[in-house]
Structures are given as structure tokens and as C-alpha cells.
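A.B. asks: coords please:
(4 chains)
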Protein chains: 2
Amino acid sequence: MSENMARVTTRQLILQTAEVHFMRDGYKGTSTRQIAKEIGITQPNLYHHFKNKESLYIAVLEMVASKALEDLKSIPAEVQLNLEESLIKMTHYLRKTHPYNFSVMMNDMKTEISQESSLALYRIFQKAYLQPFADLFDAHSDQIRSDYDSQLLANHFFLVIAPYMNPDNLSYSRLTIEAIVDFFLNGVVKD
Amino acid sequence: MSENMARVTTRQLILQTAEVHFMRDGYKGTSTRQIAKEIGITQPNLYHHFKNKESLYIAVLEMVASKALEDLKSIPAEVQLNLEESLIKMTHYLRKTHPYNFSVMMNDMKTEISQESSLALYRIFQKAYLQPFADLFDAHSDQIRSDYDSQLLANHFFLVIAPYMNPDNLSYSRLTIEAIVDFFLNGVVKD
DNA sequence: GTCTATAATAGGATAGAC
DNA sequence: GTCTATCCTATTATAGAC
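C.D. replies: Next up is the predicted model:
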């Protein structure tokens, strides 16, 4: 019962606020003081809910990944979409609901946290963000050049779209998601 | 005459060491103390040669960009290479001589330094790293789909290869440069 | 569960002697 | 041009009262 209460706990508030900061400013760029101040608690109070900064970071990434997994997996099944439509829809979903700095996030996962946690997080990350794309490529393997496996393709696709997910990054390039997917599928060379 | 002396000045030592640290660990991840320690000078001494950390960072990026510009520009002209061969050679050159964390670098350029410097650096960066690719696309525009201009294509190409330039990043994906260029040009869909 | 107080550290930067 | 000494600030983290 108490689990289903609508009341937002301090722990949840911390997680929500930390998500915004970590995903936008990275691990080093985020301070526990700032998070605490923003939600109106003292900084030491944060250490009652989380062991330290790293465990808070991990909790945020686990939360974010579980949301991504649930939603990304359901998109191709939702309606009958072809490969290109699915990629476009999934990428749009990512940019709308996860407008993160994935480049920074992938870097932080490797450099800012302990090695064991780093490996565990990478698996969670892979399952949440990469597997849905790998599954999609598998489902349409008849249309895809057979030289490379779906995991590698998913990995590459994610690296390609990652810099476009960050809203702060729009200054660089103004390719639409449709164009990015088109280039990924068909290349830039004339037929 | 004194400019051409083989003796390595302290200023040059600082620049060389700072390059390694900034490009691998990013702006925040690099400390002036560490740089000084590594070359056997005191940290305050560094402030005799550079106004502050930011101006050192800018000097490093200017140095790095001028090297890139010189070499990248010369590759397509060097021998008569077609589009694919040029892209492969230029990308190999980049990974060999600039094995940097470009994602972190691009992020630092926008977030860690003053706005004026940021804009100036972005122009230098664009001229050094993007223009050679844009020129190449222009030179082979007959083979390229005409929907997008060469600047946009160069930008996109650089974003695609950037995560593969960082040697620490190899764990993720093991696509070869040849495969990356092939995918970029021809896409992943069967003919 | 939240607070105050404070420790411990690290980092950028300056003053001033040599 | 390089050093020692030192300041200032920001940050993570802990101790212990309420």
C-alpha cells in the first residue's frame, strides 16, 4: 500500500533531480550540493538516501535504462512498421524522452565509476538501449547486408544517433532524424 | 634563429603534456598540478607561461587543429584517390595522429570555456577537421545524393567517426574504418 | 529522516623572493 | 623564469544532535 502512495518521497525527488543534472552535465559536472539545494534539502541529507555520489549515479542510470527498455521494446510491435519507420519512431522517442548527452554518459560510465559498477552498468545500458535496435535488425535481416551482425549494427546505429539526442548539440548539425536514418540505411552515395 | 633552436622550451613541454591530458581526460578531468608535476616544474610556474587554465586549453586546441588542417588537406591531393579511398585514408590518419576523445572535446568546447572563445574555437575546429571533408565531398559531388550540402555531410561524417577515434573506446564496437566508411557511403541495406 | 557543524581534499590562482 | 608559501573556493563525505 505505502508503495503505491502518490506522495513523492525525498529519495524520488533526489533521483529525478539528479537525472537531469547527471545526464546534462555529466558526473563531474554535477554536484551533490546543487541537487540538494534545488529540492530544498541539505546536502548531507542526501547521504541518508544514497551511500555516496557514485551509488546515486548508478541508481539514476538504472532508473533511466529501465524506462528506455520498456518503451523502446514496445514500439516495433505496437503497430506494423517497416524497418525505416521503426528506426525513425524509436529515435524520435529517444530524443523526446531521453534528451541526454549520451556521449558524456558513455564516457562517465567508463571513467568516473568503479570498474565492477562500470561493467554492470554497461550491460544494463546495452540491454536497454542497444538490444531493441539489435532485435529490430534481426527482424528485418532479409533487407540488411549480411556482412555484420545485428549487435554490431545496433551499436553503430546508436553511436550515429547519440550526438543528435542532446538538445544542446543542435548548433552543430541540423540533420533531421528522418535524414539520419535514411543515410544510415541507404548511404550518401547516389544509386 | 632562436625560434629554430632544437631546445624544447618549458612552454612547449607544457603544451605537449597538456595536449595528452586535455584530449584524453577532458577539461575538468585535467589539473594544472598534474601537468606541472609530470614535466618537473611547479604548478605556479605554469601561470608564467599561460594566463590561466582556459588559455592553456585554447592554445592546445589551436596547436592540435593547425596540425590536423595541414595534414588532412594534403591527403586527397597527394595521390589520385577516389572518394572512398580518400575517406579511409583521412580517417586512418586522424585515428593515428589524433587518437582523441572528440566527443569530450566537442563538449568541453561548448561548456567549459567562455562563450567568445568557444565560438572562435569552433571556427578553428571546423576549418581544421570539417572543411577537408567538405572539400572532398564537393570534389566528388557527382557521386553524392544532392539533397544535402557538403558542410552538413562533413559534419555528419565527423560525428559518425568521432567515437571510433578514441582508442579507449574500442571496447564498444569493433567496426573497422573501412566498414564505417562503407556504411557511410552505401548504407546497411542490401541493393 | 533531517538538520548543523565540520572534516578532508583538491583544484585554480596570486604574491613575492630569488 | 622558477620557486615557496599561501589563499580561496568548491566539493565529497562524516559525526552527532534533534
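A.B. asks: list the buried residues of stretch A:55-67.
C.D. replies: A:56-62, A:64-65 (16 or more other CB atoms under 10 Å in any protein chain shown). Just so you know, the C-beta spots here come from the backbone N, C-alpha and C atoms, and that holds for glycine as well.
A.B. asks: same thing with stretch A:184-191?
C.D. replies: Buried-residue list, stretch A:184-191, by 16+ other CB under 10 Å: A:184-185, A:187-188.
A.B. asks: from those, which two are the most distant?
C.D. replies: Across those, the two members that end up farthest from each other (CB to CB) are A:185 and A:188, 11.2 Å apart.
A.B. asks: returning to what we had before: make CSV out of the buried residues of stretch A:55-67 and add pLDDT, distance to residue B:39 and secondary structure.
C.D. replies: Below are the buried residues of stretch A:55-67 laid out as CSV (pLDDT from 0 to 100; distance: CB to CB, whole Å; DSSP: H, G, I helix; E, B strand; the rest coil):
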residue, pLDDT, distance to residue B:39, secondary structure
A:56, 98, 37, helix
A:57, 98, 33, helix
A:58, 98, 36, helix
A:59, 98, 40, helix
A:60, 98, 38, helix
A:61, 98, 37, helix
A:62, 98, 42, helix
A:64, 97, 41, helix
A:65, 97, 42, helix
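A.B. asks: now flag whichever of those is closest to residue B:114.
C.D. replies: residue A:57 (28.3 Å).
A.B. asks: who in chain A is up against DNA strand D?
C.D. replies: Within chain A, the positions lying close to DNA strand D (CB under 7 Å from any atom of the strand) are A:30-34, A:43-44, A:47, A:51-54.
A.B. asks: any of those residues buried? List them.
C.D. replies: By neighbour count, with 16+ other CB under 10 Å, these hold A:30, A:32, A:53 as buried.
A.B. asks: all helices for chain A, in order.
C.D. replies: A:10-25, A:32-39, A:46-49, A:53-78, A:83-97, A:102-111, A:115-125, A:131-139, A:150-165, A:177-186 (DSSP state H).
A.B. asks: tilt between the first one and helix A:32-39?
C.D. replies: Interaxial angle of helix A:10-25 relative to helix A:32-39 (axes from the mean of the first three to the mean of the last three CA atoms, to 10 degrees): 120 degrees.
A.B. asks: please apply the same query to the fourth one.
C.D. replies: With the same axes, to 10 degrees defining the directions, helix A:53-78 sits at 60 degrees from helix A:32-39.
A.B. asks: re the thing from before, so which of the buried residues of stretch A:184-191 also contact chain B?
C.D. replies: Restricting these to those near chain B by CB under 8 Å from any CB of the partner chain leaves A:184-185, A:187-188.
A.B. asks: nearest to DNA strand D, of the residues you listed?
C.D. replies: Proximity of these to DNA strand D (CB to the nearest atom of the strand) peaks at residue A:184, which lies at 37.1 Å.
A.B. asks: check contacts around that closest one.
C.D. replies: A:87, A:157, A:160, B:183, B:187-188 (CB atoms under 8 Å, 6 or more residues apart in numbering or on different chains).
A.B. asks: nice, that's everything, thank you.
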